[in-house]
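**Q** how would this look folded up:
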Amino acid sequence: MPEAPELSVGILPVQRLRQAVAQGIIHSEKNPIPSTNLQPASLDLRLGAKAYRLRCSFLPDTRRVEEKLEDLLMGEIPLKDGAVLERNRPYLIPLMEELRLPPDLRAKANPRSSTGRLDVFTRVITDHSHQFDEIKAGYQGKLYLEVVPRSFTIKVREGLSLNQLRLIRDDPRCSDQEVLEFHHRHTPVLYSKGRPVPVRGLLVADGLFLSIDLAGGGGRRRSPVGYRAKKNSQFIDLSKVAEYHALDFWEPVHAERGNRLVLEPEEFYLLLSAESVSIPPQFAAEMVAYEPTSGELRTHYAGFFDPGFGYDPQGRLAGTRAVMEVRAHDVPFMIEHGQKVCKLGFEKMVEPPDILYGPAIGSAYQQQALTLSKHFLSPDKAQLPLRQGG
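**A** Next comes the predicted model:
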């Protein structure tokens, strides 16, 4: 195979990921990597043959994962025919994929959208590392996934994908000024009610702020503004699609008068951004952690946005709103309509991907309003109608 041209700074697009698989940079010893697992700017990683039940979470630091695992292991569970993972219990699952990163490439992992919307907490662990999800340049070795179901008991099996991986060269982050310039001179990245947000209306501070929609549908009977996970429901088999009735697992949430909502501590909510996001092919994005100085609130557990999310070169789609996975910690926390609750960090691609996020590749959330994960029946069959638009 001819050598690929030298890479510039940025996230590797799908065509470069194909090359990485062909060259063995990403490889799987016994199970070839399916082409369907390649997304515009990431690779879906697959669960291996067994899960380890843990006493507690951990990081290996200067040791190998399997060395440190010996002190924390509370049992081994085969995944070939499926296994149930209990709520609030940490599990460690070796992944099928391994890495042989060259010195100029690092990697980063994140939960898939459907995983985040089910409140399944996942993060990748690697040998000799003091960080979750961040994989250092030149790493060669196995990948392990920590899985903690929070709201629901789940059933998983070997080969299922719960998280995704990006390959990155150097620091691809865009400055706030670069984002503002691109929005103004090229393609809008944020819309409100179908129109580009004026540059003066964009709030940036090491990322682009998004606000929360708590207005509902208006009218005589106010529409729900979100969902809250029910406790002690039946388990969810993550290999099944459009299988479950939404109201068996979720309850609708209505805003108080004044379009505000008090989040109960440690309850899990799905809410919607007020603005619509568009990610042009030159960029990927990530929802970054909410600043602890702004309140005891965590938003968006699954944070990767692929090139093409909410993007339409013909202008028929004025962005797509972001579904936010939200949890308040320690104390009840009030949020109000239009309040800034999270930031979107834009990152450069090495080059535009040859496929974009959207219906052409089976992307589930391109024209979402407030959409539950793919495991639940469609809104006209099971979910409550929620306000459309952007």
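**Q** so, low pLDDT: which residues of this protein?
**A** 1-7, 217-222, 289-302, 315, 360, 362-369, 378-390 (pLDDT under 70).
**Q** quick one: Ala285 and Leu344 touch, right?
**A** Yes: between Ala285 and Leu344 a contact is recorded at 5.2 Å, counting by Cβ atoms under 8 Å. Just so you know, the C-beta spots here come from the backbone N, C-alpha and C atoms, and that holds for glycine as well.
**Q** shared neighbours, these two?
**A** 277, 305 (Cβ atoms under 8 Å, 6 or more residues apart in numbering).
**Q** which residues touch Arg260?
**A** 214, 334-337.
**Q** which of those lies closest to His186?
**A** Nearest to His186 out of the contacts of Arg260 is His337 (Cβ to Cβ; 30.2 Å).
**Q** and for that closest one, the neighbour number?
**A** Per other Cβ atoms under 10 Å, the neighbour tally for His337 reads 17.
**Q** quick check: phi and psi at it.
**A** phi -50, psi 130 (degrees, to the nearest 10).
**Q** begin at 37 from here
**A** Fine by me, first position is 37 from now on; the one you just mentioned is His373.
**Q** distance of it from Glu292?
**A** As judged by Cβ to Cβ, to the nearest Å, His373 and Glu292 stand 10 Å apart.
**Q** swap in Asp155?
**A** 24 Å.
**Q** so for the two, which sits in the more crowded spot?
**A** The neighbour comparison of Asp155 against Glu292 (other Cβ under 10 Å) goes to Asp155, with 21 against 11.
**Q** relative to Thr189, how far out is the more buried one?
**A** Distance from Asp155 to Thr189, by Cβ to Cβ: 11 Å.
**Q** ok, back up a step: please, a ChimeraX command that selects the buried ones among the contacts of Arg296?
**A** To isolate the buried members of these in ChimeraX, using 16 or more other Cβ atoms under 10 Å:
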select :250,371,373
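**Q** and the strands in the stretch 187-336 of the chain?
**A** In the stretch 187-336 of the chain, the strands defined using DSSP state E, counting those that start in this stretch lie at 190-192, 197-205, 226-228, 231-232, 244-247, 262-265, 272-273, 286-289, 296-299, 304-313, 319-324, 333-335.
**Q** in the sheet, who's paired with Ile62?
**A** Taking DSSP bridges as the rule, Ile62 bridges to Leu135.
**Q** my guess is it contacts Leu131, does it?
**A** No: judged on Cβ under 8 Å, Ile62 makes no contact with Leu131 at a distance of 10.8 Å.
**Q** Gly262 and Gly243: what is the separation?
**A** 23 Å.
**Q** between the two, who's got more neighbours?
**A** Neighbours were counted for Gly262 and for Gly243 using other Cβ under 10 Å; Gly262 has more, 25 against 21.
**Q** any idea how far the more buried one is from Pro388?
**A** Taking Cβ to Cβ, one finds Gly262 at 34 Å from Pro388.
**Q** one more: Glu300?
**A** For Glu300, the distance to Pro388 - Cβ to Cβ - is 43 Å.
**Q** so between these two, which is more surrounded?
**A** More crowded of Glu300 and Pro388, by other Cβ under 10 Å: Pro388, with 16 against 13.
**Q** I'd guessed that one sits against Pro317; true?
**A** Yes: here Pro388 reaches Pro317: they are 3.7 Å apart, a contact under Cβ under 8 Å.
**Q** now the common contact residues for these two.
**A** With Cβ under 8 Å, 6+ apart as the test, Pro388 and Pro317 both reach Pro343.
**Q** roughly how far out does stretch 341-354 sit from the chain middle?
**A** Computed by Cα atoms, centre = their mean, to the nearest Å, the chain-centroid distance of stretch 341-354 equals 18 Å.
**Q** now do the same end-to-end measure for that stretch.
**A** Length of stretch 341-354, first residue to last, Cα to Cα, to the nearest Å: 16 Å.
**Q** and that stretch, what's buried?
**A** For stretch 341-354, by 16+ other Cβ under 10 Å, it's 341-348, 353-354.
**Q** what of stretch 366-383?
**A** For stretch 366-383, by 16+ other Cβ under 10 Å, it's 369, 371, 373, 375, 377-383.
**Q** farthest-apart pair in the buried residues of stretch 341-354, please.
**A** Farthest pair in the buried residues of stretch 341-354, by Cβ to Cβ: Asp342 and Ala354, 18.2 Å.
**Q** can you put the strands of the stretch 187-336 of the chain in CSV and add distance to Gly174?
**A** Below are the strands of the stretch 187-336 of the chain laid out as CSV (distance: least, Cβ to Cβ, whole Å):
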stretch, distance to Gly174
strand 190-192, 31
strand 197-205, 12
strand 226-228, 37
strand 231-232, 42
strand 244-247, 32
strand 262-265, 40
strand 272-273, 38
strand 286-289, 44
strand 296-299, 42
strand 304-313, 33
strand 319-324, 22
strand 333-335, 32
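**Q** among these, which is nearest Thr151?
**A** Closest among those, using Cβ to Cβ: strand 197-205, at 4.7 Å.
**Q** restrict that closest one to CA atoms and write it as CSV.
**A** In CSV, the C-alpha atoms belonging to strand 197-205 read as follows (Å, rounded to 0.1, in the frame of the first residue of the first chain):
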residue,chain,number,x,y,z
SER,A,197,-20.7,-1.2,20.8
LEU,A,198,-21.1,1.2,23.7
ASN,A,199,-18.4,3.7,23.0
GLN,A,200,-16.3,5.2,20.2
LEU,A,201,-12.8,6.3,19.5
ARG,A,202,-11.2,9.2,17.7
LEU,A,203,-7.6,9.4,16.4
ILE,A,204,-6.0,12.8,16.7
ARG,A,205,-2.8,14.5,15.6
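**Q** nearest residue to Cys210 in space, please, no chain neighbours.
**A** Spatial nearest neighbour of Cys210, chain neighbours left out: Phe382 (4.2 Å); criterion: Cβ to Cβ, 6 or more residues apart in numbering.
**Q** who are the contact partners of that neighbour?
**A** 209-210, 214-215, 225, 243-244, 315, 319-321.
**Q** next up, identify which helix or strand it is on.
**A** Using DSSP states H and E, Phe382 maps to strand 376-384.
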